[in-house]
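Peer 1: heads up, no residue letters with this:
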Ligand code: FAD
């Protein structure tokens, strides 16, 4: 066995976005020695990019708001596929998490009477998003980092070392979760195998509890708002450790990404633009969203432009404009307009604030958007409309967790929170609910991971053979050679493959065949291409050495993207209906009999090395699981007529 550094901790948190940092703070405050590890620089995570705000029913701008309304909006947005207990916890606990941030130093925008200001957002009945201009995520992360520094200062005083009980390993990647020897099924977690990106050095963080907080999977798609590190690592790590994923067919395409110039295609245009009064128009100048209000939302949205416009001033007596429908509805509408030939010159539609607000208001309320368009597209949004179109943004599917403790199903010691966890948002996430999710479930994951670790009478020990296997797997791209039976499966022949080419082909397949509108034949084709890519990816080869070698890193990330993409494609093929982030051209209607079905993905070969999986069948096995019935007091928050649109007759009569 080669020598690999090992360090012992109580809790390891993988990911330093909002969920990871909130989990780490909680675990450290519970007295646990906690390590945080992140792939990029500390402070650079998707959470930083979140613009719009944190959804929390504080009722500061409209006193009618409360957790029950937030809960109902969240279930409507997710088309009732949500894990209702998670939605309840989010709605109940989000205000406390926002106030807590304020006590830790967050500076939110204020109402004229000095309270935390809240803004409108798609799918939220009342102004609900606590915000800091359009840079809320930045303030959230700044505050959590500040809190971490203050905890480290305490440790410096007490132990003479600032990182005695809370240490950050930045620019380091986890490639495997380690478990007890010989107990693949239900084996307890023992730690994580990691490498330093800069030096290529391997090391192991030993810990009985690991929290996955690795964010999303967007880099498997060609057009995406996600940045380079979002390759579905946490999803894949969970699968490889034996924990199932749920709802992976539910991928959110944000309606408004930049479409031009090509170098920035996919970069997000925040929903606040519409929340603050921006409107969508097609090439005929028509506000087309009025033509796309689905029946389930008809009563809640304005029928005329005049009513929609009045709502901004007087939301009590008017209904909201349809530009603020949930994201899946708006994305599909834009897609349809472009397909019908009413798109903008670069294949999007127009999003206009210039005719709706004075220039100085735009610059004050949307400073990042003003800067982004000026710098990247040479467009002054105070004077002309933006061109926008759908972009892969968020995954609702993820690790199957216990709603109260964030414990991953079937793997003692593994926890997951934030975007990597599944269930909370059902088939579609409402804007602003992610940041509240990170805080509510990040805290819960940290707390329960700490409790789990503290309660152990003896700690499971790391299996050295697993370290060897993880090391060999990580080094394979340096010895990838083509030729006969290059990967030992008896199937694969051919030259070494370029990881960048494989990545591009994967992104194209997912974008074109499992994208915003899905068809059975295309998804079969996607699965075929994924099978081929999987075989080729085993020959992904790199030259050079382990010191900062992005080609090598990508070769390792490909394993994760292929696993996750197969989950998305298989689940999307299985779900023969359209709901939220999953639209089937061949099954366009929402089907009530699918409402309470979770699609569960597991690794076909639970020994962890997916070599043995039949390439034709793939690496993933899919099963259906019924969700527990929604608690009666929660159901009673809805009108029966509304429930009848989602629940089956049998569920209603029960
Ligand atoms: P992230 O913040 O994504 O952090 C993941 C962390 O995991 C990173 O530190 C990464 O380096 C690390 N990591 C990943 N893989 C590994 C690995 N193998 N080893 C070690 N570390 C790893 N949501 C809202 O609610 N409101 C908004 O206004 C909003 N705006 C958004 C704007 C943009 C442009 C984007 C992309 C998203 C936006 N979202 C918004 C969504 C929201 O920001 C994300 O869903 C959320 O921040 C995810 O947080 P997280 O803590 O789960 O993970």
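Peer 2: The structure has been received and is ready for your questions. Everything quoted here is computed from the prediction, not taken from an experiment.
Peer 1: Please work out how many residues are found near the nearest residue to residue 67 once chain neighbours are set aside.
Peer 2: Excluding the flanking residues, the one nearest residue 67 by Cβ to Cβ, 6 or more residues apart in numbering is residue 91, at 4.2 Å. (C-beta placed from N, C-alpha, C; glycine too.) Using other Cβ atoms under 10 Å, residue 91 has 26 other residues around it.
Peer 1: now swap in the one 3 residues further on and tell me
Peer 2: In terms of burial, residue 94 registers 26 neighbours under the definition other Cβ under 10 Å.
Peer 1: That one is in contact with residue 65, isn't it?
Peer 2: No - the pair residue 94 / residue 65 is not scored as a contact, 11.2 Å apart, by Cβ atoms under 8 Å.
Peer 1: just to revisit the earlier point, how is the residue nearest to residue 67 assigned, secondary-structure-wise?
Peer 2: Assigned with DSSP: H, G, I helix; E, B strand; the rest coil, residue 91 falls in the helix class.
Peer 1: residues contacting it?
Peer 2: Residue 91 sits next to 57, 67-68, 70-71, 74 when contact means Cβ atoms under 8 Å, 6 or more residues apart in numbering.
Peer 1: TSV please, covering these and showing distance to residue 556, pLDDT and neighbour count.
Peer 2: Formatted as TSV, the contacts of residue 91 follow (distance: Cβ to Cβ, whole Å; pLDDT from 0 to 100; neighbours: other Cβ atoms under 10 Å):
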residue	distance to residue 556	pLDDT	neighbour count
57	42	98	25
67	42	98	18
68	45	98	16
70	40	98	29
71	40	98	22
74	36	98	28
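Peer 1: Tell me which entries of those residues lie within helices.
Peer 2: 67-68, 70-71, 74 (DSSP state H).
Peer 1: roughly how far apart are whichever residue of the stretch 351-500 of the chain sits closest to the ligand and residue 623?
Peer 2: Residue nearest to the ligand within the stretch 351-500 of the chain: residue 418 (2.4 Å; Cβ to the nearest ligand atom). Residue 418 sits 25 Å away from residue 623, going by Cβ to Cβ, to the nearest Å.
Peer 1: Just want to know which of those two has more residues nearby.
Peer 2: With neighbours defined as other Cβ under 10 Å, residue 418 and residue 623 compare such that residue 418 has more, 33 against 11.
Peer 1: Over to the residue in the stretch 251-400 of the chain positioned nearest to the ligand: give its phi and psi.
Peer 2: The ligand sits closest to residue 268 of the stretch 251-400 of the chain, with a gap of 3.7 Å, by Cβ to the nearest ligand atom. When read as degrees, to the nearest 10, the backbone of residue 268 gives phi -70, psi 140.
Peer 1: quick one: low-confidence ranges for the stretch 51-200 of the chain?
Peer 2: Flagging of the stretch 51-200 of the chain using pLDDT under 70 yields the residue ranges 182-186.
Peer 1: what residues are up against the residue in it positioned nearest to the ligand?
Peer 2: Residue of the stretch 51-200 of the chain nearest the ligand, by Cβ to the nearest ligand atom: residue 52 (3.2 Å). Taking Cβ under 8 Å, 6+ apart, we find residue 52 in contact with 119, 121, 129, 131, 134, 136, 270-272, 275, 431-432.
Peer 1: now do 10 Å
Peer 2: Residue 52 sits next to 119-122, 129, 131, 134, 136-137, 268, 270-276, 431-432, 434-435 when contact means Cβ atoms under 10 Å, 6 or more residues apart in numbering.
Peer 1: Give the intersection of the neighbour lists for residue 94 and residue 65.
Peer 2: Both residue 94 and residue 65 are in contact with 56-58, 128, where contact means Cβ under 10 Å, 6+ apart.
Peer 1: Contact distance from the ligand - what residues of the stretch 51-200 of the chain qualify?
Peer 2: Contact residues (Cβ under 6 Å from any ligand atom) of the stretch 51-200 of the chain with the ligand: 51-53, 136-137, 173-174.
Peer 1: ranking those by neighbours, who comes first?
Peer 2: Among these, residue 53 has more neighbours than the rest - 35 neighbours, counting by other Cβ under 10 Å.
Peer 1: these two touch, right, that residue and residue 137?
Peer 2: Yes - counting by Cβ atoms under 10 Å, residue 53 touches residue 137, with 9.0 Å between them.
Peer 1: overlap in contacts of those two?
Peer 2: Jointly contacting residue 53 and residue 137 under the rule Cβ under 10 Å, 6+ apart are residue 435.
Peer 1: got the contact list for the closest residue to residue 426 other than its chain neighbours?
Peer 2: With Cβ to Cβ, 6+ apart as the criterion, residue 426 has its nearest non-adjacent residue at 2.3 Å, and that residue is residue 78. By Cβ under 10 Å, 6+ apart, the residues touching residue 78 are 84, 87, 123, 247, 250, 326, 328, 396, 423-430, 433, 579-581.
Peer 1: again, but for residue 69
Peer 2: 57, 59, 62, 91, 124-126, 128, 637.
Peer 1: Filter those residues down to the buried ones and hand me the ChimeraX line.
Peer 2: Listed next is the ChimeraX selection for buried residues among these, using 16 or more other Cβ atoms under 10 Å:
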select :57,59,62,91,124,125,126,128
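Peer 1: Find the closest residue to the ligand in the chain.
Peer 2: Closest point on the chain to the ligand, by Cβ to the nearest ligand atom, is residue 17, at 2.0 Å.
Peer 1: For burial, what's the neighbour tally of residue 641?
Peer 2: 8.
Peer 1: any idea whether it is helix, strand or coil?
Peer 2: Under three-state DSSP, residue 641 comes out as helix.
Peer 1: low-confidence ranges in the chain?
Peer 2: Along the chain, the parts satisfying pLDDT under 70 run over 1-2, 182-186, 481-494, 606-617.
Peer 1: Which residue ranges of the stretch 201-350 of the chain form helices?
Peer 2: Remark: helices assigned in the stretch 201-350 of the chain by DSSP state H, counting those that start in this stretch are 233-241, 272-275, 305-313, 327-339.
Peer 1: In a markdown table: those helices, plus distance to the ligand and mean neighbour count.
Peer 2: Formatted as a markdown table, those follow (distance: least, Cβ to the nearest ligand atom, whole Å; neighbours: other Cβ atoms under 10 Å):
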| stretch | distance to the ligand | mean neighbour count |
| --- | --- | --- |
| helix 233-241 | 3 | 27 |
| helix 272-275 | 7 | 26 |
| helix 305-313 | 20 | 15 |
| helix 327-339 | 11 | 22 |
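Peer 1: As TSV, those helices with distance to residue 412 would be great.
Peer 2: Shown next, in TSV, are the helices of the stretch 201-350 of the chain (distance: least, Cβ to Cβ, whole Å):
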stretch	distance to residue 412
helix 233-241	11
helix 272-275	42
helix 305-313	50
helix 327-339	36
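Peer 1: looking at those helices, which is closest to residue 455?
Peer 2: Closest to residue 455 of those is helix 233-241 (Cβ to Cβ; 20.5 Å).
Peer 1: who in the stretch 401-550 of the chain is up against the ligand?
Peer 2: 418-420, 431-435, 438.
Peer 1: Narrow these to those in helices?
Peer 2: 433-435, 438.
Peer 1: the strands in the stretch 101-250 of the chain, which residues?
Peer 2: For the stretch 101-250 of the chain, applying DSSP state E, counting those that start in this stretch gives strands covering 118-119, 129-130, 166-169, 172-179, 189-196, 202-206, 209-212, 245-246.
Peer 1: before we move on, what about the stretch 401-550 of the chain?
Peer 2: 414-416.
Peer 1: From residue 372, how far out is the nearest residue to residue 281 once chain neighbours are set aside?
Peer 2: Leaving out its chain neighbours, the residue that sits closest to residue 281 by Cβ to Cβ, 6+ apart is residue 350, at 4.6 Å. Distance of residue 350 to residue 372, given as Cβ to Cβ: 16 Å.
Peer 1: higher neighbour count, those two?
Peer 2: residue 372 (22 against 18).
Peer 1: Skipping its backbone neighbours, what lies nearest the more buried one in space?
Peer 2: residue 267 (7.1 Å).
Peer 1: number of nearby residues for that neighbour?
Peer 2: 19.
Peer 1: ok, it - contacts?
Peer 2: Applying Cβ under 10 Å, 6+ apart to residue 267 gives the contacts 49, 223-225, 227, 257-259, 372-373, 376-377, 391.
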